[in-house]
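**Student:** structure of the sequence below:
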Amino acid sequence: MPPETTDRPQDLTAREAALRDVLSVMARSRHDRGPVFDAILRNAVTLCDTAHGSLFLISEDRNRFELAASYGSNREIDEIWRTKPANDVTSSFVLAALTRAPVHIPDSRDTDRYRSGAPDRTMSVDRFNIRTLLQVPLLTMEDCIGVLTVYRHEVRPFDDDQIALLQTFAEQAVMAIENVRQFQNVAARLDREAALREIMQVISQSRDDDQPVFDRIVDLAQKLCGARSAMLIMGSAGDPAQRLVAHRDVPDETVTIYDKGGVSMDPKTDFAARAILEKQVMHIEDMRATPDDRSGGSPSRTLIDGMGAGSRLIVPLVSQGDGIGCLCLPRDEPRPFSKDDILLVQSFAAQAVIAIENVRQFRALQEKTREVQLLNAGLEQRVLAQVGEIERISRLRQFLSPAVADAVVTAGDDALLRSHRALIATLFCDIRGFTAFCEAAEPEETIEVLKTYHEAMGELIAAHGGGVDHRMGDGIMVIFNDPLPCDDPTGDALGLAFAMRARMAGICTAWNRLGHRLGFGVGISLGYATVGMVGASGRYEYTASGTAVNLAARLCDQAADGEILLSPRAHAAVEDRLHTEPVGEMELKGIRAPIQVVRAMGWREVQTPSGG
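**Tutor:** From the prediction side, this is the model:
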C-alpha cells in the first residue's frame, strides 16, 4: 500500500492551477482535442512526479489501442503499446478498460506476467526500464474509450492523491473528446445544410441545364462524405449501358470504360445497375469481400482497381417510381459511411432528380411556347401576364398576411406597397432567456422550440388581422394600420398581445417541465414610420422603419416574462379602456430622451378581438 499523504497548501495550489490550465485550454480548443491532451499529460507527469505519460484511445472497431498523445514518453514503447490487441485480458491496458478502474503496478518486475516471461512485460522492464506503472481508464456513462498512463523508471508507487488526480485528468480528457465531437457534429451539420442550400441555388439558376447541378453535387458529396471520388451515373431499365454524366477525381481509365459503354445495366454483374433497377441504397462496407471482387473478371472488379477497394455507397435516383441513375461514392479503405452520410447523399440524389425534372419541364415549356407562338402571338402575352400575376401573388404572400395580400391583388395596383409615411401600431415580441437556452440546448431542441413558438404565434397573428409580420429567430414584429387601414391599431395590437401572452403561458409551462427556463415579453408603440416594400428582385419584403418601430423593439427588450410594455402614445390611445400599471421612466438604447412606460394588465371590459 502506498503511504498516506497529506496535501500541503502549495500542493493544492499547484493542482488547482493545473486543472484550471486544462480547462482553459479546453475552452480555447473546441474543435481540436490535441492541445487538451497535451495539457493534461504535461500537468499529469509534473504533478505525479514522473517525466513519462501517454494517452491511448480504443479504436472504433475496438480491436486495438491508438496513441492520441504522448509527453516525454519513449516513442518506441508507445508504438509497442499501440499495437497491443484490445481483447488481451492479461494486459494491464485491457484490465483497466474492463474493470473501469485504475491499474497500479508498483513494480513491474514483481508481477506474474514478468515472472512468466510475457514478451511485452519483460521488454518494458528489461529494455525500457519501466518499473512503476499507473493506468487510468477514460470512462463515459456507457463505456471505456481509452487509457491514460504514466510510468516511472524507478520503483516508487503512486500515492492515493496522485491516482485520484490522474482520474480527474482522465475525466477532463473525456470532456474534451465529447466537446470536440459535439462541435464537429454541429459544424458538419451546418456544412451539410449549407451544401443543400447551395445546390438548390444552383438549381434555381440552371433551369435549362442540369449539368452545373450535377457537377456541384459530386463536388460536395465527395468533400462532405470523405470519399476518394464521386460519380453521378445515369441509366434505366431500357438502357444497354450506364452513362457517366458527372464525376470528381475519377481515373481517366475508368471514365473511358463508361464512355465506351463498357458498364452494363445488368444487376447481376454491377452494383450500380442493381441499385438503380431495384431502387435501393447499396452500402458495401468492404468491396474486397464481395463475390464480384473475388471473381476477378467482372466489370465491377475492373472498376474497383481504379476506384478503390474499400467501402462504397451507391444511392439511386428515382423519378416517378423508376430508377434513372445513381450517385456512387467509393473509399480506398473499408471505412463504412455513417447514417448522416447516407441521408446527405440521398438528399443530393433527390436534388439531382429535381434538376432533371426542372430542365425537362423547362424544355417542354419552351417547346410548348414555340407552338403557341405559331398559333397565336397574342396568347403568349396573356400567358406571360398570368405567370407574372402568379409570381406577384406568391411574392406578396411571402411577407403579407393572406387578407392584405388578397386586398392588394384584388385592387390590381401595387401602389399600396410603395414607400410612404403612415401612423402604425408596432408590436415586438420574443422569448425570454432564449439566447442562454440556445447555448446549452441541442440544435434539435432549439428547432423544436422555435417551431412550436412560430406556429402558435402565426395562428394568432392571422386571427387578429396583423397586416405584416417579420420573424427573425425568436423575434417577431407585427404592424397594424398598414398597408390596409384599421379603426383601432393600438387596440388591435393589444388584443393580439393578450392572446399571445395567454397562449405562451401554457407553452412556457410545458417547456419548463422539460427543463427549458423560457418566458415571453411584448413591446407596443404607436407612431409614424416609413413603410413600404424594399429589396431587390426575388428578395423583396414589406417592412417599416423609424423611431416608433425602434421604440417598440426596445420596449420588448425590457419586458420581463409575461409583461406587455406600452409607449406613452400607445397608452394614450387606449388608456380609457385598459388596466395598466406604471413602470416609470426608462432610458432606452437609440431613443434620445427617457420615456414614461406603462405595463398593460388587461381590458377594463370584455373586448371583441378584431380578428374574431
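
**Student:** could you look up the SS state of residue 364?
**Tutor:** Under DSSP: H, G, I helix; E, B strand; the rest coil, residue 364 falls in the helix class.

**Student:** distance of it from residue 208?
**Tutor:** 11 Å (C-beta to C-beta, to the nearest Å). Glycine gets a C-beta too; all of them are placed from N, C-alpha and C.

**Student:** is the residue nearest in space to the middle of the chain within a helix or a strand, and which one?
**Tutor:** Centroid check for the chain by C-alpha atoms, centre = their mean gives residue 189 as the closest residue, at 3.4 Å. Per DSSP states H and E, residue 189 falls inside helix 160-205.

**Student:** so which elements touch that helix?
**Tutor:** Contacts defined by 3 or more C-beta pairs under 8 Å, 6 or more residues apart in numbering; DSSP states H and E place helix 160-205 against helix 9-28, helix 34-47, strand 132-139, strand 144-152, helix 211-225, helix 339-375.

**Student:** weakest of these in terms of mean pLDDT?
**Tutor:** Among the helices and strands packed on helix 160-205, helix 9-28 has the lowest mean pLDDT, at a mean of 71.

**Student:** picking up where we left off before, and for the residue nearest to the centre of the chain, nearest residue in space, chain neighbours not counted?
**Tutor:** Residue nearest to residue 189 in three dimensions, not counting chain neighbours: residue 443, with 6.8 Å by C-beta to C-beta, 6 or more residues apart in numbering.

**Student:** how close does that neighbour sit to residue 521?
**Tutor:** 24 Å.

**Student:** which of the two has more residues huddled nearby?
**Tutor:** residue 521 (22 against 13; other C-beta atoms under 10 Å).

**Student:** how many other residues sit next to the closest residue to that one other than its chain neighbours?
**Tutor:** Excluding the flanking residues, the one nearest residue 521 by C-beta to C-beta, 6+ apart is residue 559, at 3.1 Å. Neighbour count for residue 559, taken as other C-beta under 10 Å: 24.

**Student:** offset the numbering so it begins at 890, please.
**Tutor:** All set: I'll call the first residue 890, so the last point we hit is now residue 1448.

**Student:** can you give me phi and psi for residue 1448?
**Tutor:** Residue 1448 adopts backbone torsions of phi -70, psi 130, taken as degrees, to the nearest 10.

**Student:** just checking, it touches residue 1454?
**Tutor:** Yes: Residue 1448 is in contact with residue 1454 according to C-beta atoms under 8 Å; the separation is 4.9 Å.

**Student:** now for the two: what residues contact both?
**Tutor:** With contacts taken as C-beta atoms under 8 Å, 6 or more residues apart in numbering, residue 1448 and residue 1454 have 1410, 1411, 1412 as neighbours in common.

**Student:** can you lay out those as a markdown table showing pLDDT and distance to residue 915?
**Tutor:** Putting these into a markdown table (pLDDT from 0 to 100; distance: C-beta to C-beta, whole Å) gives the following:
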| residue | pLDDT | distance to residue 915 |
| --- | --- | --- |
| 1410 | 96 | 35 |
| 1411 | 97 | 40 |
| 1412 | 96 | 39 |
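
**Student:** low-confidence ranges in the stretch 1140-1289 of the chain?
**Tutor:** 1180-1198, 1260-1262, 1265-1289 (pLDDT under 70).

**Student:** could you pull out the helices in it for me?
**Tutor:** Remark: helices assigned in the stretch 1140-1289 of the chain by DSSP state H, counting those that start in this stretch are 1141-1148, 1160-1167, 1180-1184, 1188-1196, 1228-1264, 1266-1288.

**Student:** ok so, going back, just give me the closest of the shared contacts of residue 1448 and residue 1454 to residue 1223.
**Tutor:** residue 1410 (55.2 Å; C-beta to C-beta).

**Student:** OK, contacts around that closest one?
**Tutor:** 1318, 1319, 1321, 1445, 1447, 1448, 1449, 1450, 1451, 1452, 1453, 1454.

**Student:** which among these end up buried?
**Tutor:** Listed as buried from those are 1318, 1319, 1321, 1445, 1448, 1450, 1452, 1453, 1454; burial here means 16 or more other C-beta atoms under 10 Å.

**Student:** any idea which residue of the chain is furthest from its center?
**Tutor:** residue 1004 (54.5 Å).

**Student:** need phi/psi at it.
**Tutor:** The phi/psi pair for residue 1004 (degrees, to the nearest 10) is phi -70, psi -30.

**Student:** measure it to residue 1029 for me?
**Tutor:** Taking C-beta to C-beta, one finds residue 1004 at 35 Å from residue 1029.

**Student:** please apply the same query to residue 946.
**Tutor:** 12 Å.

**Student:** could you check which of the two has the larger neighbour count?
**Tutor:** A count of neighbours by other C-beta under 10 Å puts residue 946 above the other of residue 946 and residue 1029, at 19 against 10.

**Student:** okay, now the sheet partners of the helix or strand where that one lies, with direction.
**Tutor:** Per DSSP H and E, residue 946 falls inside strand 941-947. Within its sheet, strand 941-947 is paired with strand 954-960 (antiparallel), strand 1033-1041 (antiparallel), according to DSSP bridges.

**Student:** would you turn those into TSV with mean neighbour count and distance to residue 982?
**Tutor:** Listed next are those as TSV, based on neighbours: other C-beta atoms under 10 Å; distance: least, C-beta to C-beta, whole Å:
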stretch	mean neighbour count	distance to residue 982
strand 954-960	20	6
strand 1033-1041	24	5
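
**Student:** rebuild these as a markdown table, extending it with distance to residue 929.
**Tutor:** Formatted as a markdown table, the strands paired with strand 941-947 follow (distance: least, C-beta to C-beta, whole Å):
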| stretch | distance to residue 929 |
| --- | --- |
| strand 954-960 | 8 |
| strand 1033-1041 | 7 |
